[in-house]
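S.K.: Following is a predicted model, sequence given first.
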Amino acid sequence: MNKIFGWLFIVIAAIVLYLWQPDFFDHAYRIIKQGDIIALSEYLRSFGTGAIVVTLILFVIMTFTIIFPFMILSGAAGIVFGLWWGTIISWMGEVTGALVMFIFARYFFRHAVEGWITKSPYLKQVDDYSAENGFKALLIARLLPLAPSGIITAVAAISRMSFHDFFLATVLGKLPPVVIKVLLGHDLVFASENMGRLIGIILIIIGVYGALWWYKRKKSQPEKK
């Protein structure tokens, strides 16, 4: 029943928000879908002093849509507000979106999947692990620059991870990737002026995922006696 009410709430909320400002959502959706960071930054500027609030709202909405990369909005925030404030606003937006999604999914959907978890030894093991080591696992996942934030949040929400661990791991873990996404999105637009930094950021991302691949590969190999 909670699951039905959850989806009903999402549908009603989405309809109400869309009917309230259809032009805003249509225009923002088209720009973000195209991945046009410059057009998005110009659109955010058009809201004047309300640009910060609009940016935060878009971060929350994008958390639920899951399919759009935060780098587009983070890069636009870096252009509109400057790299420092763009990073702070992007970090606040991603954390706020993750918290809203976690609370919503935990309240409406955790009960719905408990039956599956108790019937599956593997899921039960994962659930128990998340309760005991949730902070560490989520922190590592959050530190990955291009990881799908919405999916990670959804998995954490239906696990037995405590809200305290989720909040702390999200607040700490999201900051480094947000810095990378703001710089990457910003420097892709102004590549000619920031080529050295852009190359450095790309190398950092490659290094992070290369180290993760190496660690997983090493861990999967049998120990030599």
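M.R.: That came through fine. Residues are numbered from 1 along each chain as shown.
S.K.: Grab the longest helix from the protein for me.
M.R.: Ranked by residue count, the top helix of the chain under DSSP state H comes out as helix 70-119.
S.K.: what residues are up against the residue nearest to the spatial centre of the chain?
M.R.: Taking CA atoms, centre = their mean, the centroid of the chain lies closest to residue 149, which sits 3.1 Å from it. For residue 149, the contact set (CB atoms under 8 Å, 6 or more residues apart in numbering) comprises 63, 70, 94, 97-98, 142, 174. Heads up, the C-betas are built off the backbone N, CA and C, glycines and all.
S.K.: Ok, residue 188 next?
M.R.: 37, 75, 198.
S.K.: Just send those back as JSON lines, with pLDDT too.
M.R.: Shown next, in JSON lines, are the contacts of residue 188 (pLDDT from 0 to 100):
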{"residue": "37", "pLDDT": "87"}
{"residue": "75", "pLDDT": "92"}
{"residue": "198", "pLDDT": "84"}
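S.K.: Most neighbours out of those, which is it?
M.R.: residue 75 (28 neighbours; other CB atoms under 10 Å).
S.K.: List phi and psi for the closest residue to it other than its chain neighbours.
M.R.: Nearest in space to residue 75, with sequence neighbours left out and distances taken as CB to CB, 6 or more residues apart in numbering, is residue 185 at 1.6 Å. Dihedral pair for residue 185: phi -60, psi -40, per degrees, to the nearest 10.
S.K.: To which secondary structure element is the spatially closest residue to residue 194 that is not a sequence neighbour assigned?
M.R.: The shortest distance from residue 194 to any non-neighbouring residue, by CB to CB, 6+ apart, is to residue 187 (4.2 Å). Taking DSSP states H and E as the definition, one finds residue 187 inside helix 163-189.
S.K.: so what does the helix or strand that that helix is followed by touch, helix or strand wise?
M.R.: Following helix 163-189 in sequence order, the next helix or strand is helix 195-220 (DSSP H and E). Contacts defined by 3 or more CB pairs under 8 Å, 6 or more residues apart in numbering; DSSP states H and E place helix 195-220 against helix 163-189.
S.K.: Going by neighbour count, which residues of the helix it packs on are buried?
M.R.: 165-166, 169-171, 173-189 (16 or more other CB atoms under 10 Å).
S.K.: one step back: now the helix holding residue 187 and helix 195-220, what's the angle there?
M.R.: 140 degrees (axes from the mean of the first three to the mean of the last three CA atoms, to 10 degrees).
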